Every structure is written in C-alpha cells, then in structure tokens.
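# With the sequence up front, the predicted model follows.
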Amino acid sequence: LIGWSVVCFVAPMLISSPEYVVGQYVEWYERLAAKNGENTFSLMQNISLLGMIRKISGSASYSDLLVILPGLALFGLPYLRFGQYRHLAFRYAILSSVLLFVVLFSTGSESSTYIIPFAGIALWYATSPWKRSGWDVALLVFAFVLSSLSPSDLFPRSLREAYVLPYALKALPPTLIWLRLSYELLTRDYAPSKTAL
C-alpha cells in the first residue's frame, strides 16, 4: 500500500514538476476543507450519520473526528476475523459494510447517493447464512419508508420538510442497519447453514 501510494504520488512528476504536483495536493485539500465547511448545515448535503448528529445537536464546535474515529474502529475490527474470510457470506457482509460506511461517514452525502447504501442493505439482508429475524425485517421496512420514500411524493411533505430534511433523518435507518451489521460481523459465524433462507 505504501509503495503504490509513493508510486502514484511520484509518477505525475515525470511529466510535470514536483512543485506543481505538491501544489495540486495542497489545493485539493483546501477545496475539500472548504466544501466540508459549506456542507456542515446544508439542507441538501451532509445527509449522513455525521450530518444527522450535527443537525440534531445544532453544534458546530466539535470535530467530526469524534464520530469518524470510533466509526473507523467499528468498521475495521471485523477485518481481524481471519477465520471468517473463507465464507462468501462474510465477504458479502464486509462489502455491505463498506457500501453503508462510505455514505454514512461523508459530509458530501446527498439524497441521490443513497443508492449506494441501499445496495449494501440488500446484500446485508439477502446474503446472511441464517434466517433473518422480525427485527431485521422491521429495519428493512423502516429503511424503505424513511430513507427511500421520504424524498418522494408518497411521503407526507410536512414531515419531510419539518423533520427529515432539517435533521438528515434519512441517514437513521441505514445507520441502525450498519450498527446491526457491525455487531453481526463481530459476533456471528458466517459458515453456510442448512436453515438459511
């Protein structure tokens, strides 16, 4: 990883100057920081776990790292379960976690990006080697109603404008599913089961 990172950093310097390449990275970082600041309380951006916490609390004084670092730890711990790698269902669950994580922990998330976590939610539900519980079905329905239908005309406009948009509540069901999935990734055996759906 480090070797390829160095190669990708140095390779553009073969056709331009090192100062130009370093300057591009500096400018890229500055633009990302500015965009992050603009997205913080934006109504149509930061529809994520980060945005939901920030918009509900109304506080701009804390760093998103207070949420991102524990999230990264929870996201990374299942990768230490080397014995589960041989099970296809475990690998699907890891993919599902990635698809949820990239949107839930990004201040650039918007309504249309939820196609990504919904692919993860479908994988989470459909590929487990055990029979899904009633709570799992309830989480799936909750995600469909709040996260999928809330931007549409099938959802009450008054609720959407008063609660879902201002507080980024579209992120709530995928967050609950990601937490459930993370628990499963840390505790369940993904060996194929004869009682699976």
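Noted; the coordinates are in hand. Residues are numbered from 1 along each chain as shown.
# what comes up buried for the helix or strand bottoming out on mean pLDDT in the chain?
Within the chain, confidence by mean pLDDT, DSSP states H and E is lowest for helix 18-39 among all helices and strands, at a mean of 86. Within helix 18-39, the residues scored as buried using 16 or more other Cβ atoms under 10 Å are V21, N36, N39. (Each C-beta comes from the backbone N, C-alpha and C, glycine too.)
# can you put those in a markdown table and add distance to S128?
Listed next are the buried residues of helix 18-39 as a markdown table, based on distance: Cβ to Cβ, whole Å:
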| residue | distance to S128 |
| --- | --- |
| V21 | 45 |
| N36 | 35 |
| N39 | 34 |
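# Could you give the number of residues near Y183?
The number of residues packed near Y183 is 12, by other Cβ atoms under 10 Å.
# So S106: helix, strand or coil?
coil (DSSP: H, G, I helix; E, B strand; the rest coil).
# wouldn't it be in contact with L50 here?
Yes. At 7.4 Å, S106 and L50 qualify as touching, with contact defined as Cβ atoms under 8 Å.
# contacting residues around L169?
By Cβ atoms under 8 Å, 6 or more residues apart in numbering, the residues touching L169 are M52, L146, S150, Y163.
# quick one: which two of these are the most distant?
Pairwise distances across the contacts of L169 peak at 12.9 Å for M52 and S150 (criterion: Cβ to Cβ).
# quick revisit: which of the contacts of L169 lies closest to L140?
Nearest to L140 out of the contacts of L169 is L146 (Cβ to Cβ; 11.4 Å).
# Thought Y167 was touching the closest one, still the case?
No. With contact defined as Cβ under 8 Å, L146 does not reach Y167; the gap is 11.5 Å.
# Now E184. Nearest residue, chain neighbours left out?
A93 (6.7 Å; Cβ to Cβ, 6 or more residues apart in numbering).
# L179 now?
Of all residues not flanking L179 in the chain, L74 sits nearest, at 8.0 Å (Cβ to Cβ, 6+ apart).
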